[in-house]
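K.L.:
Fold the following and give me the result.
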Amino acid sequence: MKILVTGVAGFIGHYVALALLARGDNVVGIDNLNDYYDVSLKEARLNRISENKNFQFACGNVADSDFMKNLSEEHPQISSVIHLAAQAGVRYSLENPSAYIEANVMGQLVILEFCRALKNIKHLVYASSSSVYGGNTKVPFAVEDRTDSPISLYAATKRADELMGHCYSHLFKIPSTGLRFFTVYGPWGRPDMAAYLFTKAMFEGEPIKVFNNGDMKRDFTYIDDIVAGILSCLDNPPKQKAGKAPHTVYNIGNNSPEPLMRFIEILEHSTGCKAEIKFHPMQPGDVKATFADIGPMQRDFNYTPKTPIEIGLPKFVAWFRDYHGI
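P.N.:
Next up, the predicted model:
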């Protein structure tokens, strides 16, 4: 199969591309290599993929309809799309909201139109987020829970992506699946995420910011478990049923919320550095805890996360040391 992966130089995107190539698929990857964080990290990820003869890269913006139209004409054999390109981050959405509308809303629309134009589209898998649950206090978060009260613009754009996906699936019979990711971490991870921020600060002897005075829990999910779930989902598109669009949404997490202070303790042990903690109040748009109900993923795809933070975080720290020459 020839599969399009958007956001291919991103954390999750480059791992997905590597996994697809390893099993023999042809991959077309796109990324605009923007400077939301260090571009050299994106380029280093891209270098891990680029030598494979079954990989083709195009630098461009997924929200650019002309760019995507040209791509569809160059690669009419694309049969599936894994749409991971997005403007991520809850806190940055307070600073630059227009970036989220362009990348997440317009980007989703252009991808849906791209899929609509393809003659043999088998499946669109796209990234959503646990943020859609807003301030929900019922745990674990289930896909049946209400998601009409987002508390960040980032969350609102991701919920909009799901609604748009359902609409196009209904109108044009595009098999589509949205995956609500829960705090993904691991080697090659994003510099704006807790594992990277905290590890960097510890090695540099700088304080780390801990919000809500440390009273936080996250369903930290290791990258290998995420990738396994994405590929299993990709290979099993939703079926058309009477009166229902071929569209589904799943949680993809670890099903094991961990206290943030425990997360920091493991990082201290892995780095050999004591964290200097500066406690701060809860930030606007943030939530106290996340917890994924992954029952539907287990039922439909035999999804079984295997990596607790006691194993995953030392792997991240080992990569961090190697990448930064520490």
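
K.L.:
Between the two ends of stretch 137-147, how far is it?
P.N.:
Distance across stretch 137-147, first residue to last, is 12 Å (Cα to Cα, to the nearest Å).

K.L.:
just stretch 173-191 next, same as before
P.N.:
38 Å.

K.L.:
How far away from the center of its chain is that stretch?
P.N.:
Distance of stretch 173-191 from the chain centroid (Cα atoms, centre = their mean, to the nearest Å) equals 3 Å.

K.L.:
can I see the domain layout of this structure?
P.N.:
Following automatic domain parsing, the chain resolves into domains at 2-185+221-252, 194-218+256-291+307-324.

K.L.:
For R299, which of those is the nearest?
P.N.:
Among the domains of the chain, the nearest to R299 by Cβ to Cβ is domain 2-185+221-252 (10.0 Å). Backbone N, C-alpha and C define where each C-beta goes, glycine included.

K.L.:
who's in contact with the helix or strand hosting M202?
P.N.:
For M202, the enclosing helix or strand under DSSP states H and E is helix 194-204. With Cβ atoms under 8 Å, 6 or more residues apart in numbering as the test, helix 194-204 has contacts from 183, 185-186, 189-191, 206-208, 218, 260, 263-264, 267-268, 271, 273-276, 313, 316-317, 320, 324, 326.

K.L.:
For the buried ones among the residues you listed, write the corresponding PyMOL selection.
P.N.:
Selecting only the buried entries of those in PyMOL, with 16 or more other Cβ atoms under 10 Å as the criterion:
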select buried, resi 183+185+186+189+190+208+218+260+263+264+267+271+273+275+313+316+317+320
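
K.L.:
Give me the subset of the contacts of helix 194-204 lying in strands.
P.N.:
Among the contacts of helix 194-204, the members found in strands (DSSP state E) are Y185, I208, R218.

K.L.:
between the residues you listed, which is nearest S131?
P.N.:
Using Cβ to Cβ, the ones in strands among the contacts of helix 194-204 come closest to S131 at R218, 11.9 Å.

K.L.:
A99 versus the closest one, what's the distance?
P.N.:
Going from R218 to A99 by Cβ to Cβ, to the nearest Å gives 24 Å.

K.L.:
before we move on, what about P284?
P.N.:
According to Cβ to Cβ, P284 and A99 sit 17 Å apart.

K.L.:
cool, S232 as well?
P.N.:
31 Å.

K.L.:
Could you do S152 as well?
P.N.:
Per Cβ to Cβ, S152 is found 13 Å from A99.

K.L.:
So the two - more neighbours on which side?
P.N.:
S152 (25 against 17; other Cβ atoms under 10 Å).

K.L.:
Return the residues in contact with the more buried one.
P.N.:
V90, S93, L94, S131, P284, G285, D286.

K.L.:
Just the helices from the stretch 151-300 of the chain, written as ranges.
P.N.:
For the stretch 151-300 of the chain, the helices defined by DSSP state H, counting those that start in this stretch cover 153-172, 194-204, 223-234, 260-271, 295-301.

K.L.:
check contacts around L118.
P.N.:
S72, P76, I78, S79.

K.L.:
would you put the C-alpha positions of the helix or strand of the chain with the lowest mean pLDDT in CSV?
P.N.:
Least confident helix or strand, the chain: helix 92-95 with a mean of 90, by mean pLDDT, DSSP states H and E. Backbone C-alpha positions of helix 92-95 (Å, rounded to 0.1, in the frame of the first residue of the first chain) are rendered in CSV as follows:
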residue,chain,number,x,y,z
TYR,A,92,0.5,27.9,23.3
SER,A,93,-3.1,28.2,22.1
LEU,A,94,-3.5,31.1,24.5
GLU,A,95,-0.7,32.9,22.8
